[in-house]
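> Everything below, folded, please.
(one chain, ligands or ions: 2)
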Amino acid sequence: MIDDLFAREAGDVQWLAPGVCLLPGYLLPELEPLLDALREVLAAAPLRRVNTPSGQPLSVAMSNCGALGWVSTAQGYCYVREDPQSGQPWPALPPLLQRLSWQAAQRAGFADFAADACLINRYRPGARMGLHQDRDEADFRQPIVSFSLGLPATFLLGGLQRRDRVQRLRLQHGDALVWGGPARLRYHGILPLEAGEHPRMGAQRINLTLRRAAP
Ligand code: SIN
Ligand code: FE2
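Ligands and ions are numbered 1, 2, ... in the order given. Just a heads-up that it's a prediction; the model follows:
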């Protein structure tokens, strides 16, 4: 069952559930330097389509920056130090992303968050992300910090079990969403992106998911 529980209001910090915190428009004051940093990263490690371990193509295009990058291989999902496409280390995590993710976590009540991995997902209209848990990281005490850019998307927030009720949350350009603590292993996903044209980003949504992957 899907429930439209979370109406969005203007404001700095919105607690949506225990351990789930939305920071509306959080990225907007530093948007241009953030986009500059992202452009550099994607020049070194371009977005690419990948398959699930069972060989199904994912509808999002992905890349990474940071010491570790999340990849899907025939053996499963894992974090690796090198971009399998180039054989080179992933581009370094831009200091701005390190700081913005630390500060977002801090505002959400998670002290000392030090991201070492940033997954970059690019959604074109129609692209989606099925319900899943983020569970390839070493330490579940560290939260997930997620940044949204471009077209709005409907985020599905499930529970700790796949069968649990799913709530909907609209994520807008510039928003940060942090989940951790009791919410760290909640299922989540993205409904198919609706067609549109974002004035700054064009016909796409980019999501940056910052994590602490290594212990
Ligand atoms: C993810 O769970 O990896 C992506 C979530 C999002 O695109 O907001
Ligand atoms: Fe995820």
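
> Nearest to ligand 1: which residue in the protein?
residue 207 (3.3 Å; Cβ to the nearest ligand atom). In this view, the C-beta of every residue, glycine as well, is placed from N, C-alpha and C.

> In three-state terms, label that residue for me.
strand (DSSP: H, G, I helix; E, B strand; the rest coil).

> So it is in contact with residue 149, correct?
Yes - contact criterion Cβ atoms under 8 Å: residue 207 and residue 149 qualify, at 7.5 Å.

> Residue 176 reaches residue 22, doesn't it?
Yes - if you go by Cβ under 8 Å, residue 176 and residue 22 touch, sitting 7.4 Å apart.

> and residue 101, backbone torsions?
phi -70, psi -40 (degrees, to the nearest 10).

> Spatially nearest residue to it, not counting backbone neighbours?
Excluding the flanking residues, the one nearest residue 101 by Cβ to Cβ, 6 or more residues apart in numbering is residue 210, at 4.0 Å.

> Where does pLDDT dip in this protein?
Applying pLDDT under 70 to the chain picks out residues 1-11.

> Backbone dihedrals for residue 180, please?
Per degrees, to the nearest 10, the backbone of residue 180 is at phi -170, psi -170.

> Next, find the distance separating the closest residue to it other than its chain neighbours from residue 172.
In this structure, residue 180 finds its nearest non-sequential neighbour in residue 143, 2.6 Å apart by Cβ to Cβ, 6+ apart. From residue 143 over to residue 172 the distance is 20 Å, taken as Cβ to Cβ, to the nearest Å.

> more neighbours, those two?
When residue 143 and residue 172 are compared for neighbours, residue 143 comes out ahead with 25 against 18, by other Cβ atoms under 10 Å.

> quick one, what contacts the more buried one?
19, 105, 108, 110, 113, 178, 179, 180, 181, 184 (Cβ atoms under 8 Å, 6 or more residues apart in numbering).

> Quick one: mark the members of those that sit in strands.
Judged by DSSP state E, those include 178, 179 as members of strands.

> now the helices: where do they sit in the protein?
31-44, 95-107 (DSSP state H).

> which parts of this protein sit against ligand 1?
Near ligand 1, the residues belonging to the chain are 119, 121, 129, 146, 155, 188, 190, 207, 209 when assessed by Cβ under 6 Å from any ligand atom.

> can you redo the residues you listed as CSV with neighbour count and distance to residue 40?
As requested, the residues of the chain next to ligand 1 are exported to CSV (neighbours: other Cβ atoms under 10 Å; distance: Cβ to Cβ, whole Å):
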residue, neighbour count, distance to residue 40
119, 24, 17
121, 21, 18
129, 20, 25
146, 24, 21
155, 24, 27
188, 24, 28
190, 22, 25
207, 22, 18
209, 19, 19
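
> biggest separation within the contacts of residue 143, which pair?
19 and 113 (13.3 Å; Cβ to Cβ).

> So for those two, which residue has more residues nearby?
Neighbours were counted for residue 19 and for residue 113 using other Cβ under 10 Å; residue 113 has more, 22 against 18.
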